[in-house]
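>>> sequence plus predicted model, see below.
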Amino acid sequence: MKELLSGKNIVVTGADGGLGRALVKTLVEQGANVWACCYGVGDAVSADPEGAWPRRVRLDLADRESIEGAFVAIRDARLPVDGLVDNAGIMRTSLFQMTTETSLREQFEVNFFGPYVFTQMVCRLMARRKSGSIVAVSSVNALEASKGKSAYGASKAALAACTASLANEMGPLGIRANCVAPSAVRTPLLDGVSEAALSELVENCALGRIAEPEEVAGVIAFLLSDEASYITGQCIRVDGGLFA
């Protein structure tokens, strides 16, 4: 079977997270060369000797110097950038009246402001070649109400709205931009979610289970590929048929 992303160079943020690890693995299996942007520098992403793929890049989306440094590392490789996945994100659960300004700003910094700035930078490289695909990982919490997710949902809604505008503006330059909006995915991000909340979610899901990270990664790989060459400006729910 033909690899979806053979020879393409893809930047992935949040590569050391649960979805990020699965995403890097999936993209590599589909033939891509991956810059794996990680908050930490541990063993989150396996790599071959120096210069081989995937390549680790240190990236803290709450730190402008780190964002600039990551971009410079990618730019200085002097390779075309064919795709970007804005995957990194954090979630803090608290009721609206209990959400502190610090928590609100922290989530917006990592989930929206940082990705906004980093995407601006990477878009410069894509615009030169008039080609590229951007996929932002939003959330179903951006699309519908969920208790305790006002700040998180708002930050992810901002990311989705920004991506739609980006698709409109960059389309004439041959750059596509889409969102995926997963519901609960079996990653460490669920560690702080109560069993009762997860049970309710499963009960309201047509497929009756939580998503595996590889299932979301597969959708992202498709959107990055030439098979999705006429898809842009979309927010695709990957929620197993969530109906309430």
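Arrived safely, thanks for sending.
>>> direction included, what does the lengthiest strand in the chain pair up with?
For the chain, the strand that runs over the most residues, judged by DSSP state E, is strand 175-182. The strands beside strand 175-182 in its sheet (DSSP bridges) come out as strand 132-137 (parallel), strand 235-238 (parallel).
>>> could you export the ones you listed as JSON lines, including mean pLDDT and distance to Cys162?
C-beta coordinates here come from the backbone N, C-alpha and C atoms, glycine included. Formatted as JSON lines, the strands paired with strand 175-182 follow (pLDDT from 0 to 100; distance: least, C-beta to C-beta, whole Å):
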{"stretch": "strand 132-137", "mean pLDDT": "98", "distance to Cys162": "8"}
{"stretch": "strand 235-238", "mean pLDDT": "96", "distance to Cys162": "11"}
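>>> and the helix or strand where Val34 lies, what's its mean pLDDT?
Per DSSP states H and E, Val34 falls inside strand 33-38. The average pLDDT within strand 33-38 is 98.
>>> contacts for it?
7-16, 20, 24, 27-28, 44-45, 47, 53-59, 70, 73-74, 77, 79, 88 (C-beta atoms under 8 Å, 6 or more residues apart in numbering).
>>> just how off-centre is the longest strand of the chain within its chain?
9 Å (C-alpha atoms, centre = their mean, to the nearest Å).
>>> out of the contacts of strand 33-38, which are buried?
Among those, those classed as buried by 16 or more other C-beta atoms under 10 Å are 8-16, 20, 24, 27-28, 44-45, 53-57, 59, 70, 73-74, 88.
>>> just the ones of these in helices?
Counting by DSSP state H, the buried ones among the contacts of strand 33-38 place Gly20, Val24, Leu27, Val28, Ala70, Ala73, Ile74 in helices.
>>> dump the residues you listed to CSV, plus distance to Ile231 and pLDDT.
CSV is the format used below for those (distance: C-beta to C-beta, whole Å; pLDDT from 0 to 100):
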residue, distance to Ile231, pLDDT
Gly20, 23, 96
Val24, 22, 98
Leu27, 18, 98
Val28, 23, 97
Ala70, 27, 98
Ala73, 30, 97
Ile74, 25, 97
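>>> Gly148: which of those is nearest?
Checking those against Gly148 by C-beta to C-beta gives Gly20 as the nearest, at 23.7 Å.
>>> spatially nearest residue to the closest one (excluding sequence neighbours)?
Gly14 (4.3 Å; C-beta to C-beta, 6 or more residues apart in numbering).
>>> do the same with Ala164
Leaving aside its chain neighbours, Ala164 sits nearest to Gly233 (5.5 Å; criterion: C-beta to C-beta, 6+ apart).
>>> that neighbour - how many residues pack around it?
If you count neighbours by other C-beta atoms under 10 Å, Gly233 ends up with 15.
>>> my guess is it meets Ala161, correct?
No - contact criterion C-beta atoms under 8 Å: Gly233 and Ala161 do not qualify, at 11.2 Å.
>>> what's around Pro213, how many residues?
Neighbours around Pro213, by other C-beta under 10 Å: 20.
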